[in-house]
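# Prediction below, plus the sequence it came from.
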Amino acid sequence: MDFVIRQATADEYGTLGEITAHAYLRDGLLDFGEGDAYLGELRNVAKRAAAAEVLVAAADGRVLGGVTFVPSGGPMADIARPGEAEIRMLAVAPEARGRGVGEALVRACVDRARSVEGCARVVLSTQRTMRTAHRLYERMGFARTPGRDWNPLPELDDITLLTYGLTL
């Protein structure tokens with residue numbers, strides 16, 4: 001591994017926000033392009049860092065990707081229940097893909113969840129089109145939890161997020 005996983009620093013928030021926004025846009029994960037309201041949330045790393053733990057993969061002073069780890073009961077949780085931690089907003093820069101960055105970020109979240117007292121499970125949401133991510137999660141032992149699939153925008157019928165969970 002030629003990169004390290006660590007907590008993001010404030011001077012990296014802008015870079016990580018752009019990596020995250022562009023990853024979602026480039027991969028077609030936002031339906032409305034630059035005008036999508038969620039794009040602002042993806043770029044607002046400072047807001048996430050104030051409510052959860054934001055991790056980055058970095059090498060030679062460059063941010064390669066990042067993820068938000070929400071411990072049990074954190075305010076950034078979308079689907080986590082008591083005793084569960086949640087992984088959110090995983091993104092890897094295009095030039096860093098295929099190097100194990102995404103897996104290392106997810107593994108760091110799982111390791112952190114194991115250190116949270118009373119945390120028995122890690123959960124996450126993903127879009128149907130994120131097949132590469134699905135394979136990663138399944139390879140790491142996550143299992144689909146279809147009973148927890150949900151729609152973050154009820155006014156749009158065609159956006160259902162798939163959910164996965166990993167029992168610790």
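Ah, there it is. Source: prediction; values computed, not measured.
# Quick one: find the helix or strand in this structure with the lowest mean pLDDT.
Between all helices and strands in the chain, the lowest mean by mean pLDDT, DSSP states H and E belongs to helix 37-43, at a mean of 82.
# Could you export it as PDB, CA atoms only?
C-alpha atoms of helix 37-43 as PDB (Å, rounded to 0.1, in the frame of the first residue of the first chain):
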ATOM      1  CA  ALA A  37     -28.700  20.000  -4.100                       C
ATOM      2  CA  TYR A  38     -26.900  16.900  -2.800                       C
ATOM      3  CA  LEU A  39     -23.800  18.100  -4.600                       C
ATOM      4  CA  GLY A  40     -23.400  20.900  -2.000                       C
ATOM      5  CA  GLU A  41     -23.600  18.300   0.700                       C
ATOM      6  CA  LEU A  42     -20.900  16.200  -1.000                       C
ATOM      7  CA  ARG A  43     -18.600  19.300  -1.200                       C
END
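# In that helix, which residues are buried?
The neighbour-count check on helix 37-43 (16 or more other CB atoms under 10 Å) flags 39, 41, 42, 43 as buried. From N, CA and C alone the C-beta is placed, and that goes for glycine too.
# check contacts around the third one.
Remark: with contacts taken as CB atoms under 8 Å, 6 or more residues apart in numbering, residue 42 is in contact with 17, 20, 21, 24, 89, 91.
# of those residues, the lowest pLDDT goes to which?
Checking pLDDT across those, the minimum falls on residue 24 at 80.
# mind listing the helices for this protein?
With DSSP state H as the criterion, the chain has helices at 13-26, 37-43, 45-51, 101-114, 131-139.
# Quick one: those as TSV, columns for distance to residue 67 too.
Formatted as TSV, these follow (distance: least, CB to CB, whole Å):
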stretch	distance to residue 67
helix 13-26	9
helix 37-43	12
helix 45-51	10
helix 101-114	4
helix 131-139	11
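# and residue 73, which of those helices is closest to it?
helix 45-51 (11.4 Å; CB to CB).
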